[in-house]
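Trainee: Pasting a predicted model and its sequence here:
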Amino acid sequence: MKKTVIFIVLFLTSFLQAQVRLEAKVSKNTVGLNERIQVQFSVNEDADNFQAPDFDGFILVGGPFQSRNFSWINGVKSFSLSYSYILQPNRKGVLTIKPATIEYKDEIIKSSSVKVTVTDAIPVPKDPNSPDYVAGEGVHLVAEISNSNPYVNEPLTVVYKLYFDPRFIIRNVKELKNPKYNGFWSQHIDIQKLEAVEATYNGQDYAMVMWRKVILYPLEAGNKPIEPLSINLEIQVPSGRRNMFGQQSYQLTTKTVTAGSRTINVKPLPENGKPTDFTGAVGNFTFKVKPSKTKLKTGESLDLEIAVSGNGNLKLFDLPKTEFPSAFEVFDPQHKEEVKTPLSGMNGKISDTYTIVPQFKGKYTIQPITFSYFDLGSKTYKTITSEEITIDVLDNPNFTANTNAVASNKKEVVKNNVFQFIKLNSKFESVTKKDFLGSNLFYSLLFAPLLLIPIVILAKKKKEAIDADVFGNKVKRNNRLAKKFLSDAKKQMGNKVPFYMAMEKALHNFLKAKLHIETSEMSKENIQEMLRDKQANENDVAQFMQLMNDCEFARYTPSSDVAMQKDYDKAVEIISDLSKQL
């Protein structure tokens, strides 16, 4: 009896140990609005493709931080894989951290959800020796707006400046909450290099970094809020003490700073004097209508360019249209934009080019075209009228007119008339029809199922063989996941953290498919050694490892859309090159 009980206990113990569990826990369940918590997701097996929740109600301050523990104690295996995140709540109330997921042997494992109670912000003690207090007093993020009362479609700029005590050492700066510019057309201005310069803020000397520049065009009138920008940074604050070598010692702390929300009062364009053909152009423009030639033969083509150039909202209005003589065959215009968007606003040229083919000889007139815009300098509407254009079409005996253009005009005339064009084509049908029973189609449908039986048997055997190939299926699945995560990265372009997380997963799954290794074996030294063993090009291996490092650290440093596009293109190129070699 004792042996039976011991056997049952051992069986249940081994069964419970064999279960795969994904557990979620937080450092504390009650937190102030200005405090942070750590959430950790732990799994007891070497699983893959971890997916964190979206952390709704929280700002992601740091992570994911991955750790792996493996041990044998008295013949019992112990394994733990964990992913940790540092979060800060952005609103009060009872917030829920939703379940995370991970994949183990083609099965999706979910964690449980965790509730966190968020209370009012906890006051920071005014202790001059506290690095948190010193950092809070010495770091400021300011949004400077060039014009808080613009007209609709008048450009304004928002420049975010980070001021900090020059004694501080700033590192690992990361944007937490990107402002949404609802009601505006927006364009980010790339800052090639973040550089600290001397500046003054509130009458005191600071170091200042130009963090972000944005140009905005308001699309409608009214009070338009601009959401705040929040960034998190690590700060080394002087402790006031020196080490044994006489060097200043520092204390490390983290700080989240926010540029307060602002409201832009957008004025409507005046109704007094607004032209009937006004389509929303605001700025200072010139307007030209120019034909490539005014004398040609029937059947030859000419280009008519309608162009607006100057400074203003060039991408936000439509070019004027015109009516063409019915004897012209006119193709859809080719739209072209040669527009730059510096911090001062859009400038350049936009144009519509029509290709025209005259069908009959004669002299034809293209009536003057008008273009109206609101001039910001004089605060009035202005209208520019092009000149009348005469096209002289000569006879071309070798050309037969395409009457489609003319016919379309004729149809407009007779569409409400009882008289229509005579139909010249007839369609005849046989009076006597064959019976379906006994026809070729009847016998084809009758014997088709019999012919499909061997095909079904062969397909079933092939599927069974594929299902039995566990190793091959694993390689195919990893290949699919690599492509999937590359696709996910492309969709997340411009959203830094999800983009680089998807890129990392794509690179990991590519290695698992090509090198046949598990996640637990993915050390950088091991990857380099295995790639070299497979005779991979040294330059490609170096670029691949560099890309993995870039993806790992890019989540915690500023990154532009251009840099993300370059990293994505580089990943596609390197994966393609290594696929041919492995």
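Mentor: Structure received.
Trainee: C-alpha only now, for contacts and for neighbours.
Mentor: Fine.
Trainee: Helices of the stretch 301-450 of the chain, start to end?
Mentor: Taking DSSP state H, counting those that start in this stretch, the helices of the stretch 301-450 of the chain run over residues 404-414, 440-468.
Trainee: Check those for me: which has the lowest mean pLDDT.
Mentor: Among the helices of the stretch 301-450 of the chain, helix 404-414 has the lowest mean pLDDT, at a mean of 43.
Trainee: Tell me the span between the first and last residue of stretch 179-186.
Mentor: 11 Å (CA to CA, to the nearest Å).
Trainee: just how off-centre is that stretch within its chain?
Mentor: 15 Å (CA atoms, centre = their mean, to the nearest Å).
Trainee: which parts of that stretch are buried?
Mentor: Residues of stretch 179-186 classed as buried by neighbour count (16 or more other CA atoms under 10 Å): 183-186.
Trainee: so for stretch 344-359, what's the average pLDDT?
Mentor: Mean predicted confidence for stretch 344-359 is 93.
Trainee: Spatially nearest residue to residue 268 (excluding sequence neighbours)?
Mentor: Once flanking residues are discounted, residue 268 sits nearest to residue 221: 5.0 Å by CA to CA, 6 or more residues apart in numbering.
Trainee: make that residue 325, sorry
Mentor: residue 364 (6.9 Å).
Trainee: Same question for residue 329.
Mentor: Using CA to CA, 6+ apart, the nearest residue to residue 329 is residue 357, at 5.1 Å.
Trainee: Might you report the residue contacts of the one you found?
Mentor: Shown in contact with residue 357 (CA atoms under 8 Å, 6 or more residues apart in numbering): 298-302, 328-330.
Trainee: residue ranges of the helices in this protein, please?
Mentor: Taking DSSP state H to define them, one finds helices in the chain at 2-18, 131-138, 404-414, 440-468, 470-491, 496-515, 524-533, 538-554, 561-581.
Trainee: And the last one, what does it pack against?
Mentor: It refers to helix 561-581. The contact analysis (3 or more CA pairs under 8 Å, 6 or more residues apart in numbering; DSSP states H and E) places helix 561-581 against helix 496-515, helix 538-554.
Trainee: hmm, 6 Å instead?
Mentor: Contact here means 3 or more CA pairs under 6 Å, 6 or more residues apart in numbering; DSSP states H and E; on that basis helix 561-581 packs against no helix or strand.
Trainee: Use 57 as the first number for this chain going forward.
Mentor: Noted, 57 is the first residue going forward, which turns the last one into helix 617-637.
Trainee: re earlier: mind putting the helices of the chain into CSV with distance to residue 272?
Mentor: Converted to CSV, the helices of the chain look like this (distance: least, CA to CA, whole Å):
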stretch, distance to residue 272
helix 58-74, 57
helix 187-194, 30
helix 460-470, 44
helix 496-524, 56
helix 526-547, 24
helix 552-571, 22
helix 580-589, 44
helix 594-610, 27
helix 617-637, 18
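Trainee: Least confident of those helices, on average?
Mentor: Lowest mean pLDDT within the helices of the chain: helix 460-470, a mean of 43.
Trainee: Would you point out which residue is most central in this structure?
Mentor: Centroid-nearest residue in the chain: residue 549, 3.1 Å away (criterion: CA atoms, centre = their mean).
Trainee: how much distance is there from stretch 254-272 to the middle of the chain?
Mentor: Centre-to-centre, stretch 254-272 and its host chain are 28 Å apart (CA atoms, centre = their mean).
Trainee: Next: stretch 86-103.
Mentor: 27 Å.
Trainee: swap in stretch 587-606?
Mentor: Here stretch 587-606 is found 27 Å from its chain centre; the criterion is CA atoms, centre = their mean.
Trainee: The spatially closest residue to residue 401 that is not a sequence neighbour: neighbour count?
Mentor: Among residues not flanking residue 401 along the chain, residue 211 sits closest, at 6.1 Å (CA to CA, 6+ apart). Neighbours of residue 211 under the rule other CA atoms under 10 Å: 24.
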